[in-house]
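S.K.: Would you be able to build a 3D model of this:
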Amino acid sequence: STILMSCDYDPASTPELGPMTRTALRQLWEKRCKVVVTVLWNGGSVVVDQTIEEVADEFRARGVKLVDGVDYVNLGYKSGNEAVMVLMGQGIASAFPVDQHGRVTATLPIMRNVSGYSGFPLLVNISAGYPGTKEWVQQVNSRFHLPMVSGCTAVSAPEFFPYLQSGQLRGLLGGM
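M.R.: Sure thing, here's the model as predicted:
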């Protein structure tokens, strides 16, 4: 499967959320999933890109071939908050015409089978606040019925318990 992962945090939250991102990537790649990453926080794209490459290098050191653009892609940062989330429902390449490295998104092999949310069986959101888990539940899970799980800061977790209880979140990991 190809999984959508939105890493919505910046350097200030990296000590709390970086380990969640690394662990999620490890689990997904252990299961041979492909990962499409977005970032909706303007300070987060470089931090998230470094995390992705660190984990990819761990796998490469073990002899697992992971290729950027084929097995994973960081689409990078896009401003617009909820508007970007809704636009992605009309087409991922519409919202992110180029990736973090300036490559045309629609031409990447990983994007061949995913045009909108229907191409993903799951959204993994790692969130420090706004925009983040609440907005993904309200704009994407509710509208497009994309199942999702969340990793969030400790202070945010209690706000999301009702989403977990209602089934709008399939899993919730609060930070420390």
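S.K.: Backbone dihedrals for the residue of the chain positioned farthest from its centre, please?
M.R.: In the chain, Gly63 marks the outermost C-alpha relative to the chain mean, sitting 24.8 Å out by Cα atoms, centre = their mean. Phi and psi for Gly63, reported as degrees, to the nearest 10, are phi 90, psi 10.
S.K.: Distance of it relative to Val35?
M.R.: Using Cβ to Cβ, to the nearest Å, Gly63 is found at 19 Å from Val35. C-beta coordinates here come from the backbone N, C-alpha and C atoms, glycine included.
S.K.: Now do the same contact list for Asn64.
M.R.: I think there's a mix-up here, since residue 64 is Val and not Asn. By Cβ atoms under 8 Å, 6 or more residues apart in numbering, Val64 lies in contact with Trp29.
S.K.: residues near Val47, how many?
M.R.: 21 (other Cβ atoms under 10 Å).
S.K.: Tell me where the chain has helices.
M.R.: 14-30, 45-61, 82-90, 92-95, 133-136, 142-144, 157-166 (DSSP state H).
S.K.: Quick one, which of those helices gets closest to Gly119.
M.R.: helix 92-95 (7.8 Å; Cβ to Cβ).
S.K.: tell me how far the closest one is from the chain's mean position?
M.R.: Centroid separation for helix 92-95 versus its chain: 15 Å, with Cα atoms, centre = their mean, to the nearest Å.
S.K.: Kindly report the same for stretch 146-160.
M.R.: Taking Cα atoms, centre = their mean, the mean C-alpha location of stretch 146-160 is offset from the chain mean by 13 Å.
S.K.: That stretch - what's its average pLDDT?
M.R.: The average pLDDT within stretch 146-160 is 97.
S.K.: Can you give me every residue that contacts Ser13?
M.R.: Neighbour list for Ser13: Ala128, Thr153 [criterion: Cβ under 8 Å, 6+ apart].
S.K.: cool, Asn141 as well?
M.R.: Contacts of Asn141 (Cβ under 8 Å, 6+ apart): Leu123, Pro147, Met148, Gln168, Leu169.
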